[in-house]
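>>> coords below, sequence missing:
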């Protein structure tokens, strides 16, 4: 059988061509897709910027922003069209207070049971995000928390529970860690009262209970109060000895030296040795004998082996404050918190010093039980301690237990509270965190989170789509439709159900059309384009004649301190010997020497000298306003800096009396970037995303905070060229003029 060589070659060629085509496509197609993705993103950025600019014009006209892009177009373009129309009528203009008409709308809706269920479901979800709790007075809160704790300690009291308090039936959820929630109240109070921390209940609870009992017995108690004898057993303190503890121990120790008073003669004679001796003696008495002396007597042995008694004073109050600060500093290094009691700090520091040689320094946590029988806790009985205790009780235990009425109508409460919060937030921005809201169903503590309005707007967009079967991205418009539907359903729930039509009456927006609106419209909607232009620059060096100077050389050079005679019998100039100098240019000398005007004593000199400071010539000015027969510099000129000017500026310089002439003219080419502008009209396309054709989401908060966002919330994948995919993600946003893509 004869082999077909040609046929084999043809197949190989086809395979090679296919592989080459695939190779080219792998390079070209992705690049093409990426370029198109970037083009769409740039287009969306441009459109969002256009909306932002249009909103600013709307604000100037109506004193408000708008979330409705259709209304935005109607106002901004409607005013422009009306001004242009009025220009054709000489007896009419369109400035001042006007009204822009918006068209009415008829919206088909289906107010079905499914919609009502969905409405209640979404409101209930948002209501539960607010962590609603039945509002109770402080005493009742404490009572129910104590009651739950008693039942919890008895065992098997977790999960959904009910309890009747003062004829009010309550339901709540008891966590399996309720004892921790309950303990957190005392832990937080201990931290507030002492500026310290402990995780051990037998440390925090006795002190907190003693303070609260004292307030209960005497609500007017105020100022510093010492608490002793509140502990009947040792308490545990955790700490760790850092690697730098010994180093800082020495630093804080040396800081005590400045509180010693030593006679100035002794201090100067014996130096820092006396302060070291004083510090050592002082610490022996203070640490060992637990006594702080007001004075010391040091026995110093001088170089002749003679002992000298040197008295040392102690700034008692300053030293006392310094010791307290040092003790607290060291305790904070060990525990991370301020000392709750001086007794505790001393004990912990003592243990740390004894443990410095331990291998666990800087690594291991140390537990130490301290006997607090003699400890003193100084508590500032501020008049808000009780209020803080009530707040901590709510934050740490009550809110987390979710106490509510057992017969609460959750759906009704959810609608009432959610709509009340939204209406309030539209008027005031500081209605956040835990607030009290009174509704018909109950009075609640609710926790209003930062993004509540965002979630609320998203809920209304979902409800609008459920009600109308259509999508909208204008949340204020969605809210209006839902509110109108709810209004009609409330009037007659039987007649207004199922498929209905909502008629939204035409509206008008009052505007104040200012005289320069057309100019602002044209300059607002412009596209800037950079271009490079060639210019010719003329560089001129100009000369200004001041006047002739009367000078003389009749003076002794040896009498001038700024001159000294050199080895070659020439004088050397030293400007340091002058009173002051000023640089000056003389045309005839500018190429060969430097010239300065020298001020010395009552006289002024003109000095020319070379680069090696050798004097070439020296004149004393005799009279700046006269011409003498003596030696004169008839052509003393001041040369200007270079000026880049055009012919008009050149003529201006030449017209001055002081102008002497041009030294040089240099023509050079110069390239400069200039901006050209092209105008465009604001149209409906600018309000929609370049990928999805969905309107950009516009949000206005407090009538001053404007946001424009891409409607793409998750990447959109589109198949391209069979094997490739185009992926478009969010195109960013503009918040209060700040563009996210500019970061």
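Structure's in. What do you need? Bear in mind that the values here come from a model prediction, so they are computed numbers and not experimental data.
>>> roughly how far does residue 41 sit from residue 402?
45 Å (Cβ to Cβ, to the nearest Å). The C-beta positions use only the backbone N, C-alpha and C, and glycine is treated the same way.
>>> what sits closest to residue 182 if chain neighbours are left out?
Closest residue to residue 182 apart from its sequence neighbours, by Cβ to Cβ, 6 or more residues apart in numbering: residue 149 at 5.0 Å.
>>> could you report the neighbour count for residue 509?
Other residues near residue 509 come to 18 when the count uses other Cβ atoms under 10 Å.
>>> following the helix or strand that contains it in sequence, what is the next regular element?
For residue 509, the host element (DSSP states H and E) is strand 507-513. Tracing the chain C-terminally past strand 507-513 and defining elements by DSSP H and E, one meets helix 517-524 next.
>>> burial check on residue 265, number of neighbours?
Residue 265, neighbours per other Cβ under 10 Å, totals 9.
>>> an error on my part: the question was meant for residue 563.
Neighbours of residue 563 under the rule other Cβ under 10 Å: 22.
>>> return the residues in contact with the residue lying closest to it once chain neighbours are set aside.
What sits nearest to residue 563 in space, not counting adjacent residues and going by Cβ to Cβ, 6+ apart, is residue 571, at 4.6 Å. Residues in contact with residue 571 (Cβ atoms under 8 Å, 6 or more residues apart in numbering) are 557, 563-565, 614-615.
>>> please apply the same query to residue 226.
376-379.
>>> what's the answer for residue 204, then?
186-187, 189-190, 198.
>>> as JSON lines, these with secondary structure and neighbour count would be great.
Below are the contacts of residue 204 laid out as JSON lines (DSSP: H, G, I helix; E, B strand; the rest coil; neighbours: other Cβ atoms under 10 Å):
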{"residue": "186", "secondary structure": "helix", "neighbour count": "22"}
{"residue": "187", "secondary structure": "helix", "neighbour count": "21"}
{"residue": "189", "secondary structure": "helix", "neighbour count": "23"}
{"residue": "190", "secondary structure": "helix", "neighbour count": "23"}
{"residue": "198", "secondary structure": "coil", "neighbour count": "23"}
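>>> greatest separation within these: which pair is it?
Greatest spacing in the contacts of residue 204, by Cβ to Cβ: 189 and 198 (11.5 Å).
>>> domain-wise, how is the chain divided?
5-76+680-742, 105-135+406-504, 138-234+378-402, 235-370, 535-671 (automatic domain parsing).
>>> nearest to residue 95, of the ones you listed?
Taking the domains of the chain one by one with Cβ to Cβ, domain 5-76+680-742 is closest: 11.4 Å.
>>> what pLDDT, on average, does that closest one get?
In this model, domain 5-76+680-742 carries a mean pLDDT of 82.
>>> what's the answer for stretch 567-574, then?
For stretch 567-574, the mean confidence score works out to 86.
>>> quick check: end-to-end length of it?
15 Å (Cα to Cα, to the nearest Å).
>>> the residue nearest to residue 448 when sequence neighbours are not counted and residue 451, how far apart?
Using Cβ to Cβ, 6+ apart and skipping the chain neighbours, the partner closest in space to residue 448 is residue 432 (5.1 Å). Separation of residue 432 from residue 451 (Cβ to Cβ) stands at 11 Å.
>>> between those two, tell me which one has more neighbours.
The neighbour comparison of residue 432 against residue 451 (other Cβ under 10 Å) goes to residue 432, with 13 against 10.
>>> any stretches of the stretch 251-400 of the chain with poor pLDDT?
Along the stretch 251-400 of the chain, segments meeting pLDDT under 70 span 360, 362.
>>> please enumerate the helices of it.
264-270, 272-283, 316-335, 342-354, 385-393, 399-401 (DSSP state H, counting those that start in this stretch).
>>> nearest to residue 415 among those would be which one?
Nearest of the helices of the stretch 251-400 of the chain (Cβ to Cβ): helix 399-401, 22.1 Å.
>>> off-centre distance for that closest one?
Here helix 399-401 is found 32 Å from its chain centre; the criterion is Cα atoms, centre = their mean, to the nearest Å.
>>> what's it packed up against?
For helix 399-401, the packing partners by 3 or more Cβ pairs under 8 Å, 6 or more residues apart in numbering; DSSP states H and E come out as strand 168-174, helix 178-194.
>>> follow-up on the earlier one: helix or strand for the residue nearest to residue 182, which one?
Applying DSSP H and E as the criterion places residue 149 in helix 138-154.
>>> residues in contact with residue 84?
Residue 84 neighbours (Cβ under 8 Å, 6+ apart): residue 518.
>>> any idea of the pLDDT on it?
89.
>>> the host helix or strand of it to strand 507-513, inter-axis angle?
Using DSSP H and E, residue 84 maps to helix 69-86. Computed by axes from the mean of the first three to the mean of the last three Cα atoms, to 10 degrees, the angle separating helix 69-86 from strand 507-513 equals 50 degrees.
>>> and the angle for helix 69-86 with helix 517-524?
Using the same axes, to 10 degrees, helix 69-86 lies at 120 degrees relative to helix 517-524.
>>> what's the distance between helix 69-86 and the middle of its chain?
So, by Cα atoms, centre = their mean, the centroid of helix 69-86 is 39 Å from its chain's centroid.
>>> residue 370: what's it in contact with?
By Cβ under 8 Å, 6+ apart, the neighbours of residue 370 are 234-237, 343-344, 347-348.
>>> if we go to 6 Å?
234-235, 237, 344, 347 (Cβ atoms under 6 Å, 6 or more residues apart in numbering).
>>> and residue 55, by the same measure?
Residue 55 is in contact with 65, 706, counting by Cβ under 6 Å, 6+ apart.
>>> that one sits in which helix or strand?
Going by DSSP H and E, residue 55 is in helix 5-62.
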